[in-house]
Structure formats: structure tokens, C-alpha cells
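Asks: Make a model of this:
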Amino acid sequence: TIHYMDEGIDTGDIIVQKEMQFDEKNETLETTYIKLQNEIELLFKNNWDNIVNKRFKIKKQLNESGTIHYDKDTHKVLEDFGNSIWKLPINKWKKIL
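Replies: Next up is the predicted model:
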């Protein structure tokens, strides 16, 4: 998602967005992170002209409160699993959560 920034966290109006699907049995945190990084760069590059020239239809965020993710919340998981957590398939990660 590329969106406007406002006073909230991740609450600004949406400029452009792409939904991603992952194979939770075979994808890991590492592979999804890499794919998401690549896709957001492509989304930005492919929509740059429309963004600069304001040729897009604004969508309101569905969740007006936004989301907050703290680094400290990951420490317990990292203590238990270490960096191997990045290699865990998503379906196993969900069971841990």
C-alpha cells in the first residue's frame, strides 16, 4: 500500500494498493519479506507518473486506528527460536502466534 501520511499511524488515504497471496506451507518470513520489498518497489515505480500527476482515486482506510508493531514484541520469539524463525514456513509461524 502507498498512502498519504496523516497524524495517525498507517491511517492515511490509500493512493494505490496491491493484494499479495502467499503459499503458507512453502513460504517463509524471509521469502515473503523479499517478495513484499520487491512488490512495493514495483508498485511505486509503476505508479510514479500517476502519483506525481495526482491521477488516482483515493480510497479510505478500512481500519481507521491503524496498526502499531513494536520491536520489543518480537524479542521473546527471537529468544526462543533465534534467526531460524525467518526460515519457518508461514503456517508454522501462525501456530506459534
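Asks: Which secondary structure elements does the top helix by length along the chain sit against?
Replies: The single longest helix within the chain, with elements called by DSSP state H, is helix 29-52. Counting contacts by 3 or more CB pairs under 8 Å, 6 or more residues apart in numbering; DSSP states H and E, helix 29-52 packs against strand 2-3, strand 14-16, helix 90-96. Placement of C-beta: from N, CA and C, glycine included.
Asks: by contact count, what packs against the helix or strand following that helix?
Replies: Sequence-wise, the next helix or strand downstream of helix 29-52 (DSSP states H and E) is helix 75-81. Helices and strands touching helix 75-81, as assessed by 3+ CB pairs under 8 Å, 6+ apart, are absent.
Asks: Just the buried positions in helix 75-81, please.
Replies: Neighbour counts over helix 75-81 (16 or more other CB atoms under 10 Å) mark no residue as buried.
Asks: Output it as CSV, restricted to C-alpha atoms.
Replies: The C-alpha coordinates for helix 75-81 follow below in CSV (Å, rounded to 0.1, in the frame of the first residue of the first chain):
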residue,chain,number,x,y,z
HIS,A,75,12.2,-10.4,21.4
LYS,A,76,10.5,-13.4,23.1
VAL,A,77,10.0,-15.2,19.8
LEU,A,78,13.6,-14.4,18.8
GLU,A,79,14.9,-15.7,22.2
ASP,A,80,13.0,-19.0,21.7
PHE,A,81,13.8,-19.5,18.0
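Asks: who's in contact with the residue nearest the centre of the chain?
Replies: For the chain, the residue nearest the mean C-alpha position is Leu36 (6.7 Å; CA atoms, centre = their mean). Contact partners of Leu36, counting by CB atoms under 8 Å, 6 or more residues apart in numbering, are Met20.
Asks: Quick one, grab the pLDDT at it.
Replies: Per-residue pLDDT puts Leu36 at 96.
Asks: ok, now Gln61?
Replies: You'll see Gln61 listed with a pLDDT of 86.
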